[in-house]
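Enquirer: Need coordinates for the following:
(2 chains)
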Amino acid sequence: MSFPDEPLIVPHGDEKVAEGGNASEDIVAGIGRLIHSQPFAVLCTQGQGQPYGSLVAYAMDDDLCFASFATPRATRKFRLLSECDHVALLIDNRSEFPDELMKVEAVTATGRAALLEQGEDFDRWASLLSERHPYLARFVRSSSCGLFRVEIVRYLHVCRFQEVRQWIPGNHG
Amino acid sequence: MDPRQPWVVPLSAAADCPEELVGGKTAKLARARSAGLVVPSGFCVTTRAYKDFLAESRLSKSVAMELGRKPLEDMRWEEIWDTALRIRSEFLRAEIPDGIASTICLAVAEITRGPVAVRSSALGEDSAGFSFAGLHESVVGVSGEKAVLEAVRRVWASLWSDAALLYRRELSLDPMQSRMAVLVQEVIVEDRSGVAFGRDPRNLQSDCAIVEAVPGQCALLVDGAVDPDRWIIRRPTGKVVQWRGGVRDQPATDPLLEPKDLDNVFGLLTQVETLFGWPPDVEWTGRSSQLTLLQARPISTTEPDQKDNRSWYLSLRPGTRRLRDLAKRVSEDLIPKLEAEGVQFASEDLTSCSDDALADAVELRLDALHKWKKIYRDDFIPFAHGVRELGRYYNDAVHPDDPYEFVGLVKGQDMLASRRNRLFAQLAGNLRDNPMLKNRLTRLADRAASTAQTDWLQALQPLREIAGGDEFLDELQRLARDFMDITVGSKRLTDQAESILPNLLELAGSGPSSNREREHDETHDPQEVEARLLEAVGQGRRDEAIEVLRVGRLSWRLRDDDNLLVSRIESQLYRAVGLGVERLRAAGRLLKEGDLSEEAIPVIVDALRNRSQRTIELPLREASESKASVRSSVKPRQLVGQPAAPGIASGLVRMVKGPDSFAGLRSGQVLVCDAIQPMMTHLVPLASAVVERRGGMLIHGAIIARELGIPCVNGIVDAMNLLDDADFVTVDGNLGIVTVGPPEFDIELEVTSDGKN
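Expert: Numbers count the residues shown, from 1 in each chain, chains lettered A, B, ... in the order given. Next comes the predicted model:
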């Protein structure tokens, strides 16, 4: 038996039925929107059992499979990346909603970082990073800087404080 | 404090204040007072006071958290009611800053030593654009400083009432921006009060005004507690066209108002219309020179939109008197009739009747089902509000930390479903204690499931050869007859040997109490919670509290029973329909089988009556499409719903989509379903946790899970899409979170640094 106190409160139009929809597309589009709106990420590395976080300027390719950032070779994070290429990037919009936790969105992207040598790939990613952060164009191509490309293995998207969905991009899914 | 934005403004000075500070109701009454109309003295607690109260208490963040938990569009009305209850509870527990509290108390002392009315004066309220009638709260007859401050908090909280949240778009509700002013006025006690409309609200073109009057306070009329006298007056002449006496204790023979009193009320209407430029809807009290204007607003002319359920939801909040009347009608008249009709239908032998008589029996049951579904909507659902009213009453009196502490008051009610579940547990216990019986039943279960639907008990007769078998079978028969004669979809559970027996055997195998550590809800012990309530209301309101408690408990119990009893009528309909189908099949007249849905019933009835019709085809219900695509590369990791029953449990998901999937539920699995209906609560003791799409703290699944100490998270909109059989989940009923899968890094570790898996 179906009971009349069942429908959702939808003032006009039909009841929103709990099936169908396109949750995949929504969440991927949501991740894309957040990434494109936030130029900086927290890069998470580790060494000697010690986690380490650094703010980096980054760029991402269109299908959200790879990210790129640059760092001077003398830094702690460069050394840590040479020892362990497992990384995470945290991207969020908390600065836009300091008083409204429920509106804050965050993405944690996990993956493997690789130092790019001079060549085609280097030029492509250096250009992408410089396009997004023109003020870093010289920094990115400096010989004392290392340019890294991160292959993203998994995204964890968090919204409404505790709602978490996972998206595995590219051929990892 | 900014002197241009005081916390309190006397009504005598409010006409000079912006509406943003004093709200719509205050602004209108202040203007009427300035124009010479008699208005009760009073003052306004301004929107500035609300803003400062919110800043001090940090309530705006709590409201934002509540409203942001889930899109309001995805919430059912019951969840919106829950949200409003939690917000209201926070407001009632928050302290009003000392400065504001003392300013309010001082202002009360300046206007009266008697009782006051504390009324909402929201921005835009009582404006021509939108009627706020009934969305916000007013508290009349408030005495004493503490009670006045409490009433002010209640009115502030009503900015976020369930009704207001339903109309959030029209009201532009925003936790960070919305403000509420409060109007506090002395209570004028007169022997006549009423409402009046500048034009007939049902037909604004009719050029007639309407006056209604009751003896005593206007609140009696507004709450619908007293039937008013009613006059229709021709506007151009002021002549009375019609008078109807109200139906009260005695039939009215003389009008409540003398002609000159009526003239005065009509004159008041004219003055208000001239002042504001719109035909008003006013509340008034007193006669002749004592005539006092209590409220003035434009007549609401919004036609109810047939597609808009919201006005229906708002009608599901009957006042105290209507609830009491409903309690009597539902418990003493409707439920006994409903039960008797089901028993009667079940006792009728349909197998030997003619085809015509069977067709008649089907139609009789279909008519009965339609009749009871209408009563369900008109009476049973509004009566279900009794338990919510009990919750509101309890929270107002006790101010508990947990706004759902009151559910302890409805715990352990002797509902039909509880009796069925006890019998289920007893039968499982019999099997556990009697291994020979259990083994024999296990062997016979397959045979029973494959026999004709209604004969499955016959297939179990060999059990009588075993010691204890007679008693077991008799009780099983009673279970099927008295408790499982119900439907889920159009399937009769009493026919479902293939689910009853596996569920029973599984329960017998899982032990008398599960090996899971279950958190029984110790804080919600019924006696303790009741004692807390009675202590909080004191001796003076003890009788009132006991009555609210009686109606609330009755409401909760019957709210569950009525589902099962209406379902039995439906089950009896499908018994008759099933017999009809069998006959048509046996006669070779059923060309195409289909679902036994309501659409098929006229076809079957017609075929039973019309034997010259050779063959028929039953309509097929459209199968719902597969939803596999959603689960592609996006997976849920944490789903958030309502923490409907406390505790944490992990297990493999079992999706229960209908009676066909009942049998597959294994002990310790996590039961995931659209909603636990009263028809399926016997499954819950098998589950380690429950997850539902349907949300609400007072819905059947939440209550039974709490009673059994099983964690429950409900209100997860996409639960049926995003979860699947055999997913490993952890259900956190304390926080309302369902975590999917273990916290692993498998894929990250598999990928090599050159990107290959």
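
Enquirer: How about chain A: which residue is closest to chain B?
Expert: Closest residue of chain A to chain B, CB to the nearest CB: A:Met102 (2.5 Å). Backbone N, C-alpha and C define where each C-beta goes, glycine included.

Enquirer: That residue belongs to a helix?
Expert: Yes - assessed by DSSP: H, G, I helix; E, B strand; the rest coil, A:Met102 belongs to a helix.

Enquirer: What is the burial count for the closest residue to it other than its chain neighbours?
Expert: Nearest residue to A:Met102, sequence neighbours excluded (CB to CB, 6 or more residues apart in numbering or on different chains): B:Gly68, at 2.5 Å. Applying other CB atoms under 10 Å in any protein chain shown, we find 18 residues neighbouring B:Gly68.

Enquirer: In contact with B:Gly68: list those residues for me.
Expert: With contact taken as CB atoms under 8 Å, 6 or more residues apart in numbering or on different chains, B:Gly68 is in contact with A:Glu100, A:Leu101, A:Met102, A:Lys103, A:Arg160, A:Phe161.

Enquirer: ok, now with 7 Å
Expert: Residues near B:Gly68 by CB atoms under 7 Å, 6 or more residues apart in numbering or on different chains: A:Met102, A:Lys103, A:Arg160.

Enquirer: Ok, A:Asp61 next?
Expert: With CB under 7 Å, 6+ apart as the criterion, no residue contacts A:Asp61.

Enquirer: Repeat that for the one 3 residues further on.
Expert: For A:Leu64, the residues meeting the contact criterion (CB under 7 Å, 6+ apart) are A:Ile31, A:Gly32, A:Ile35, A:Ile152, A:Pro169.

Enquirer: tell me the SS of the fourth one?
Expert: What it means is A:Ile152. Secondary structure, three-state DSSP: A:Ile152 is strand.

Enquirer: can I assume it is in contact with A:Ala67?
Expert: Yes - the pair A:Ile152 and A:Ala67 qualifies as a contact (CB atoms under 7 Å) at a distance of 6.3 Å.

Enquirer: Overlap in contacts, the two.
Expert: A:Ala109.

Enquirer: Give the burial count for residue 63, as a bare number.
Expert: You didn't say which chain, so I picked chain A. A:Asp63: 11 neighbours (other CB under 10 Å).

Enquirer: wrong chain, I was asking about chain B
Expert: 24.

Enquirer: ok, now the one 3 residues further on?
Expert: Using other CB under 10 Å, B:Glu66 is surrounded by 19 other residues.

Enquirer: List the residues that contact it.
Expert: Here B:Glu66 is in contact with B:Thr83, B:Arg86, B:Ile87 (criterion: CB under 7 Å, 6+ apart).

Enquirer: B:Trp312 now?
Expert: No contacts exist for B:Trp312 under CB under 7 Å, 6+ apart.

Enquirer: Quick check on the residue of chain B found nearest chain A: phi, psi?
Expert: Distances between chain B and chain A by CB to the nearest CB are smallest at B:Gly68, namely 2.5 Å. Main-chain torsions, B:Gly68, degrees, to the nearest 10: phi -90, psi -10.

Enquirer: longest helix anywhere in chain A?
Expert: Longest helix of chain A, by residue count under DSSP state H: helix A:23-37.

Enquirer: Packing partners of that helix?
Expert: Here helix A:23-37 touches strand A:106-115, strand A:145-159, strand A:163-167, strand B:634-640, going by 3 or more CB pairs under 7 Å, 6 or more residues apart in numbering or on different chains; DSSP states H and E.

Enquirer: The ones you listed: which one's closest to B:Gln344?
Expert: strand B:634-640 (45.6 Å; CB to CB).

Enquirer: where's A:Gly146 relative to B:Gly277, distance?
Expert: Going from A:Gly146 to B:Gly277 by CB to CB, to the nearest Å gives 74 Å.

Enquirer: again with B:Arg248
Expert: Note on B:Arg248: its distance to B:Gly277, by CB to CB, is 36 Å.

Enquirer: what about these two, which has more around it?
Expert: B:Arg248 (14 against 10).

Enquirer: show me the residues around the more buried one that make contact.
Expert: With contact set as CB under 7 Å, 6+ apart, B:Arg248 has these partners: B:Val226, B:Asp227.

Enquirer: what does B:Gly509 give?
Expert: Listed by CB under 7 Å, 6+ apart, the contact partners of B:Gly509 are B:Ser667.

Enquirer: mind running it again at 10 Å?
Expert: Shown in contact with B:Gly509 (CB atoms under 10 Å, 6 or more residues apart in numbering or on different chains): B:Ala428, B:Leu431, B:Arg432, B:Lys438, B:Thr442, B:Arg666, B:Ser667, B:Leu686.

Enquirer: Likewise for B:Phe472?
Expert: B:Gln426, B:Leu427, B:Asn430, B:Leu431, B:Asn434, B:Leu437, B:Lys438, B:Leu441, B:Leu460, B:Leu463, B:Arg464, B:Ile466.

Enquirer: How about the helix or strand that contains B:Thr739 and chain A, any contact?
Expert: Assessed by DSSP states H and E, B:Thr739 sits inside strand B:737-740. Yes - interface with chain A: strand B:737-740 contributes B:Ile737, B:Thr739, B:Val740 (CB under 10 Å from any CB of the partner chain).
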